[in-house]
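> next one to model:
(chains A and B)
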Amino acid sequence: DAGVTQSPTHLIKTRGQQVTLRCSPKSGHDTVSWYQQALGQGPQFIFQYYEEEERQRGNFPDRFSGHQFPNYSSELNVNALLLGDSALYLCASRFWGQTYGYTFGSGTRLTVV
Amino acid sequence: DQQVKQNSPSLSVQEGRISILNCDYTNSMFDYFLWYKKYPAEGPTFLISISSIKDKNEDGRFTVFLNKSAKHLSLHIVPSQPGDSAVYFCAARASGTYKYIFGTGTRLKVLA
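Sure thing, here's the model as predicted:
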């Protein structure tokens, strides 16, 4: 049973460019959250998707946007990349009825140069 | 504003002894708390949770204690094993929201 799958695993982009990160949730999970983890910090909530809608958003600018597809997979898009966007981006999924126990993927390491 | 704080960046414990990881929070609206552990190059792995209506939850070697009056959470690992060496994060969710706020983590090293 595959867990949460994220692609790509590593990415290097130039300032000002745009990036798309992808996530396939664990089988049976229908809710996807995205987190940003900077070096030495805990994960920070970006947003959560359920039923193809953004349910809640954290304190991130509009440059960060997302999408959830009918098969529950999700994308995170970041426009106009800044050096400070360099981080590990984590996708977490769960079944909507659960309150806890999100399953995380291994993340995408984004480096902006 | 760091609403969830893990004030000990690192902890070393002998194998077989108890590991106690601490977490403090400031928001009285938090109603659900989680502990995750993270190995290098992997995503966080869920360990144990506790609801604000309880003060203790146990799962095998892992026990989480919640002291609501002190706004303090702790994770006890007994007995500690070398495989427990990882970074441990506590996370909290406010009632009516979907967002979990994570602490900065505590690196646990269990010495053989």
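
> poorly predicted segments of chain A, please.
Flagging of chain A using pLDDT under 70 yields the residue ranges A:1-2, A:99.

> residues in it within reach of chain B, list them.
Applying Cβ under 8 Å from any Cβ of the partner chain, we find that chain A lies next to chain B at A:4, A:33, A:35, A:40-45, A:48, A:55-56, A:58, A:90, A:92, A:99-107. Any C-beta I mention is one placed from the backbone N, CA and C, and that applies to glycine too.

> now a PyMOL select for only the buried ones of the residues you listed.
One line in PyMOL is enough to select the buried ones among the residues of chain A next to chain B; burial here means 16 or more other Cβ atoms under 10 Å in any protein chain shown:
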select buried, chain A and resi 4+33+35+42+43+44+45+48+55+58+90+92+100+102+103+104+105+106+107
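
> among the residues of chain A next to chain B, which lie within strands?
Among these, DSSP state E puts A:33, A:35, A:44-45, A:48, A:55-56, A:90, A:92, A:103-104 in strands.

> just give me the closest of these to chain B.
For those, the residue nearest chain B by Cβ to the nearest Cβ is A:Phe104; the value is 3.3 Å.

> ok, the ones in strands among the residues of chain A next to chain B vs B:Tyr39, which is closest?
Using Cβ to Cβ, A:Phe104 is the member of these that lies nearest B:Tyr39, at 11.5 Å.

> hmm, stretch B:63-83 touching chain A?
No: counting by Cβ under 8 Å from any Cβ, chain A has no neighbours in stretch B:63-83; the shortest distance is 11.5 Å.

> report the distance from that stretch to the chain centre.
For stretch B:63-83, the distance from its own C-alpha centre to the chain's C-alpha centre is 6 Å (Cα atoms, centre = their mean, to the nearest Å).

> then stretch A:36-44?
Using Cα atoms, centre = their mean, we find the averaged C-alpha position of stretch A:36-44 to lie 13 Å away from the chain's own average C-alpha position.

> contacts for that stretch?
A:35, A:46, A:58-60, A:86-90, A:107, B:4, B:6, B:44, B:89, B:91, B:102-105 (Cβ atoms under 8 Å, 6 or more residues apart in numbering or on different chains).

> sheet partners, orientation included, of the helix or strand where B:Tyr32 lies?
Taking DSSP states H and E as the definition, B:Tyr32 sits inside strand B:30-38. When pairs are called by DSSP bridges, strand B:30-38 turns out to pair with strand B:45-51 (antiparallel), strand B:86-94 (antiparallel).

> next, format those as JSON lines and append mean pLDDT, mean neighbour count and distance to A:Thr20.
As requested, the strands paired with strand B:30-38 are exported to JSON lines (pLDDT from 0 to 100; neighbours: other Cβ atoms under 10 Å in any protein chain shown; distance: least, Cβ to Cβ, whole Å):
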{"stretch": "strand B:45-51", "mean pLDDT": "94", "mean neighbour count": "18", "distance to A:Thr20": "26"}
{"stretch": "strand B:86-94", "mean pLDDT": "96", "mean neighbour count": "23", "distance to A:Thr20": "27"}
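
> for A:Thr9, which of those is the nearest?
Between A:Thr9 and the strands paired with strand B:30-38, the shortest separation by Cβ to Cβ is 17.7 Å, and it involves strand B:45-51.

> done for today, thanks.
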